[in-house]
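1. Sequence first, then the predicted structure, then my questions.
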Number of protein chains: 4
Amino acid sequence: MKIGKSTVPHTAICTSDENTIVVRGLNLCDDLIGHLSFADYFFLLLTGNKPDAACSAVLNATLVAIAEHGFVPSVQASRMTYAAAPDALQGAVAAGILGCGSVILGASETAGKLFAEVAARVDGGVSLDDAAHAAISELKASRSPIPGYGHPLHKARDPRVDRLMAVATQAGANLRYVEIAQAIERVIPGITGKDLRMNVSAAIPAVLMGVGFPVGSLRGVPILARTAGLIAHLAEEAETPAGFALSYQATRELQYDGVLPDGLNLNAH
Amino acid sequence: MKIGKSTVPHTAICTSDENTIVVRGLNLCDDLIGHLSFADYFFLLLTGNKPDAACSAVLNATLVAIAEHGFVPSVQASRMTYAAAPDALQGAVAAGILGCGSVILGASETAGKLFAEVAARVDGGVSLDDAAHAAISELKASRSPIPGYGHPLHKARDPRVDRLMAVATQAGANLRYVEIAQAIERVIPGITGKDLRMNVSAAIPAVLMGVGFPVGSLRGVPILARTAGLIAHLAEEAETPAGFALSYQATRELQYDGVLPDGLNLNAH
Amino acid sequence: MKIGKSTVPHTAICTSDENTIVVRGLNLCDDLIGHLSFADYFFLLLTGNKPDAACSAVLNATLVAIAEHGFVPSVQASRMTYAAAPDALQGAVAAGILGCGSVILGASETAGKLFAEVAARVDGGVSLDDAAHAAISELKASRSPIPGYGHPLHKARDPRVDRLMAVATQAGANLRYVEIAQAIERVIPGITGKDLRMNVSAAIPAVLMGVGFPVGSLRGVPILARTAGLIAHLAEEAETPAGFALSYQATRELQYDGVLPDGLNLNAH
Amino acid sequence: MKIGKSTVPHTAICTSDENTIVVRGLNLCDDLIGHLSFADYFFLLLTGNKPDAACSAVLNATLVAIAEHGFVPSVQASRMTYAAAPDALQGAVAAGILGCGSVILGASETAGKLFAEVAARVDGGVSLDDAAHAAISELKASRSPIPGYGHPLHKARDPRVDRLMAVATQAGANLRYVEIAQAIERVIPGITGKDLRMNVSAAIPAVLMGVGFPVGSLRGVPILARTAGLIAHLAEEAETPAGFALSYQATRELQYDGVLPDGLNLNAH
């Protein structure tokens, strides 16, 4: 069935015949395998360009920063899935990735769009602090959360934030979006009354957008990074199962709020 | 509900408090971010050890080799999923990963187990060629496919195979499993009557097992690598949609083999 | 890690001890198994109430209407996934479900919200046609698509639309939302200049909302229905593989728009 | 790329033109919508035949029996996924379905294959109890678990087992596989020394195989049933969030077994 206008697929990523595989205009075997790192190849696949040294340093740093943070909900979901279906590693990884949504890891992308919007205001002639103030005031007015600020565990600044900024600075990356992110952090208390500090979901776009990483693919960074963490967790799960134990613990204080049939009493479990 | 024996989850991957995140015994911010590449961090997460230079070179090479090969079925599935559900990038990535199963990308893991079995025979005192001959003869006897040999497109050797071996050799990696993979290639024609050449799913475990990558997690390599490729394809899909065009093309010659209600004729579509 | 305010989970769906399972206040074994159909149980699980006869008729009709429509993109994605990973039926079903997003099957939910909005305007004292006119004019003004109207294949009205309405009428269901859906169909040509007819994604909420199906779970209807269709397709795939053939056909006219390395020509494939 | 032998896809499930949708040889609008229940349609989609009354009763009963059992691991995974990614209901359903694997819900299919094997022995002239004894002895000898027997919570017989058998008996279903399942239950203590009672994963194939449900699709029954339960849980999650509370509870007793950097002490969390 025809859906939409186009009936012939096009691509600019890869083509091949029986002897040669071409990726982004380069010969995979001659030019790429053994010549660039996996993170650099990710950037090439995504953008069509090889990253410069600053971009490579920053991209690797963000992927390392976000790959692992213990038994977060998506890791729990993945390990429970693997415990129930150990024959399908790919299914357990997929279950974990499905938790990279708007509330948790998707904040990187939403924060990146916020930074792009502030940058556009600055390009239009507004000062950095005024642009940040206007953008955050609009979020406040529409009762929207401020993506990338505040953290349930790290009440002070998430330690990964300063480290990512230091890496970007040392690597000689363009720091424009870092400065935007800092300006937003400065204006938040005056607008919201809360001292919400930048978390890693703001730091990631702040450093990546300065090295040319596309805003529209920012959610891809935590997805790729967490995939590495999930594979490690599932290797541990295969050796030292925790999935069912997590599930057992999770419901020890579960409260049933529904009714019971007349005359029925259940044993506490 | 309690399932299984353990009720308390344990982990050795990560712990944290509000100031510090520890991964595999190292301080994430002080020791890892900015200090090692993403692929090296993947190895550390998985094994608890930092890779040496040879391991790093080989692991990066395998991830680059397998990340992208055009519109393979899992990429098509992912792009169709994104076309239908563009609000959930993570869902389209997950759909693509779900195709990393036993038939396609899972062959890396099955081939790795085959190599480990041949290695065990050699450790037991058998010559390399005899060990390879015995293992392949058993597969032939049980009518099992030989994982990692033969390719639908590359009738000669997949060009990635030689390149991965060259990278491993140059990096000074242990080549034991490369030699096992080559021995298997040598004995196949005599046993099966077919000249099945090593493909990339054999080359990946052949080079990785020599640098200490765990056999049980080999399927993680194509899963992680393809995640990078999928994110690139979905960025392209967002700009230049192909998912519905692929779907349209796929059914142009579809044949309906079922019956029709009496008297009904359908227009060809 | 604590995320959000609540630390103790609550539920009103199910509780159990070693002798008894209670679902929505009823004893699963004594009151439910063998006493109500699967579709009725779905309604009970979702709402806490057993459906009346009209609701049961309409819900079954919508589930039957939407479960299967041939090799749509999500079915193709599912069959390709199964072909690549036949050891994990659940993974192939999941891949198919992941395509139940905003563009394709999610339109049921978006259409339902549109109907609820028109109903609220009518409740506020506006005539039905004025309410429909206002709602569609707003969509037109914001260049939003009109969810549930128009179809790539059925240029006239999708045949399932009239049938679902007939079932609702015969069953004695409340037809309020059917009338809203028809009013929208009437005003569309005058506002958009296009004669977009109601499709099945509008008919489903139109009939379901009149029998008390919750708007917020409308996307659950195509998800549940398509799961049945996917399981049937995967049973066929196991017997008569089509996944790789679909994938082959899909790329026969694929055009590579990228560059090639200097001097390289690829064989057409 | 061509994978496998077939290049043209075939199907016998559905065809359509702009006026008519044909499913399994019947006109969807004229013959099916409003004429049969969703569970009956599932059987038709899967097998090409409408179920008789006994089949319909038994199939509905099994779907009702297995759709919901509280916060099992796959429900927890699904609710955590939804909490993190509430914009993609389909993703949270998919995450839950991915837990329908070999260990948990896949036991229905494995038990069905065991029953088919015992039936084949009986067809070969062995008595029922001897056939059951031989099959279970082989499982014991290969240290394989006995699929469908034993339950972590219900130490006596799972209450759903007797209920499903009563439904099958009342409906006039063929009870051959029920008798096989009972014979296996009888022989287990003598072979294993454990009084493992039939659980719902054995009862489901026992009653379904007698009404013509295909063994190869048995895993589809819990997958379809649980999809209904998951949609209900996600509707509850949207109103009364539990996903993050489950995740918090799950790790309250988590033990970190790895090392800490020299001199670092973490605050207990």
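-> Received the coordinates, thanks.

2. Dump the C-alpha coordinates for stretch A:252-265 into PDB.
-> Output in PDB follows, covering the C-alpha atoms of stretch A:252-265 (Å, rounded to 0.1, in the frame of the first residue of the first chain):
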ATOM      1  CA  ARG A 252       7.600  -5.900  49.300                       C
ATOM      2  CA  GLU A 253       5.600  -2.800  50.300                       C
ATOM      3  CA  LEU A 254       3.100  -2.900  47.500                       C
ATOM      4  CA  GLN A 255      -0.400  -1.700  48.600                       C
ATOM      5  CA  TYR A 256      -3.500  -3.000  47.000                       C
ATOM      6  CA  ASP A 257      -6.100  -0.300  46.900                       C
ATOM      7  CA  GLY A 258      -8.900  -2.200  45.200                       C
ATOM      8  CA  VAL A 259     -11.700  -4.100  46.800                       C
ATOM      9  CA  LEU A 260     -11.800  -7.800  47.800                       C
ATOM     10  CA  PRO A 261     -14.700 -10.100  47.100                       C
ATOM     11  CA  ASP A 262     -17.100 -10.400  50.100                       C
ATOM     12  CA  GLY A 263     -15.800 -12.600  52.800                       C
ATOM     13  CA  LEU A 264     -12.400 -13.000  51.300                       C
ATOM     14  CA  ASN A 265      -9.200 -12.400  53.300                       C
END
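
3. Does that stretch reach chain B?
-> No. Stretch A:252-265 is not in contact with chain B by CB under 8 Å from any CB of the partner chain; minimum separation 9.1 Å. (Glycine included, C-beta is placed from N, CA and C.)

4. Break chain A into its domains for me.
-> Domain assignment for chain A by automatic domain parsing gives A:12-45, A:51-247.

5. Please tabulate those domains in a markdown table, including the columns mean pLDDT and mean neighbour count.
-> A markdown table is the format used below for those (pLDDT from 0 to 100; neighbours: other CB atoms under 10 Å in any protein chain shown):
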| stretch | mean pLDDT | mean neighbour count |
| --- | --- | --- |
| domain A:12-45 | 96 | 21 |
| domain A:51-247 | 95 | 23 |
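
6. Distance to residue D:88 added to the ones you listed, as a markdown table?
-> As requested, these are arranged in a markdown table below (distance: least, CB to CB, whole Å):
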| stretch | distance to residue D:88 |
| --- | --- |
| domain A:12-45 | 23 |
| domain A:51-247 | 6 |
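
7. Out of those, the one nearest residue B:60 is which?
-> Smallest distance to residue B:60 across the domains of chain A (CB to CB): 4.9 Å, for domain A:12-45.

8. tell me how far the closest one is from the chain's mean position?
-> Centroid separation between domain A:12-45 and its chain, computed with CA atoms, centre = their mean, to the nearest Å, is 25 Å.

9. What of stretch A:44-61?
-> That offset, for stretch A:44-61, works out to 16 Å (CA atoms, centre = their mean).

10. Same question for stretch A:209-216.
-> In terms of CA atoms, centre = their mean, the centre of stretch A:209-216 is found 13 Å from the chain centre.

11. That stretch: end-to-end distance?
-> 11 Å (CA to CA, to the nearest Å).

12. Would you list the phi and psi of residue A:21?
-> Per-residue torsions, residue A:21: phi -120, psi 120 (degrees, to the nearest 10).

13. ok, it - contacts?
-> A:14, A:27, A:28, A:29, B:69, B:70, B:159, B:160 (CB atoms under 8 Å, 6 or more residues apart in numbering or on different chains).

14. Keep only the residues you listed that also lie close to chain D.
-> residue B:70.

15. So which of the contacts of residue A:21 is the closest to residue B:250?
-> residue B:70 (15.3 Å).

16. Report the contact partners of the spatially closest residue to that closest one that is not a sequence neighbour.
-> The shortest distance from residue B:70 to any non-neighbouring residue, by CB to CB, 6 or more residues apart in numbering or on different chains, is to residue A:14 (4.2 Å). With contacts taken as CB under 8 Å, 6+ apart, residue A:14 has the following neighbours: A:21, A:22, A:23, A:24, B:68, B:69, B:70, C:256, C:258.

17. can you tell if the longest helix anywhere in chain A touches chain C?
-> Determined from DSSP state H, the single longest helix within chain A is helix A:220-239. No. Helix A:220-239 stays clear of chain C (CB under 8 Å from any CB), getting no nearer than 14.0 Å.

18. That helix and chain B, any residue contact?
-> Yes. Helix A:220-239 reaches chain B (CB under 8 Å from any CB) through A:220, A:223-225, A:227-229, A:231-236, A:238.

19. With distance to residue C:246 added, can I get the residues you listed in a markdown table?
-> A markdown table is the format used below for the residues of helix A:220-239 next to chain B (distance: CB to CB, whole Å):
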| residue | distance to residue C:246 |
| --- | --- |
| A:220 | 27 |
| A:223 | 26 |
| A:224 | 28 |
| A:225 | 32 |
| A:227 | 26 |
| A:228 | 31 |
| A:229 | 33 |
| A:231 | 29 |
| A:232 | 34 |
| A:233 | 34 |
| A:234 | 30 |
| A:235 | 33 |
| A:236 | 37 |
| A:238 | 33 |
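
20. mind saving the C-alpha coords of the one helix or strand residue A:90 maps to as CSV?
-> Assigned by DSSP states H and E, residue A:90 belongs to helix A:89-97. The C-alpha trace of helix A:89-97 is given here as CSV (Å, rounded to 0.1, in the frame of the first residue of the first chain):
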residue,chain,number,x,y,z
LEU,A,89,19.8,-10.8,24.7
GLN,A,90,18.6,-8.3,22.0
GLY,A,91,15.1,-8.3,23.6
ALA,A,92,16.5,-7.3,27.0
VAL,A,93,18.7,-4.6,25.4
ALA,A,94,15.6,-3.3,23.5
ALA,A,95,13.6,-3.2,26.7
GLY,A,96,16.2,-1.1,28.4
ILE,A,97,16.5,1.3,25.4
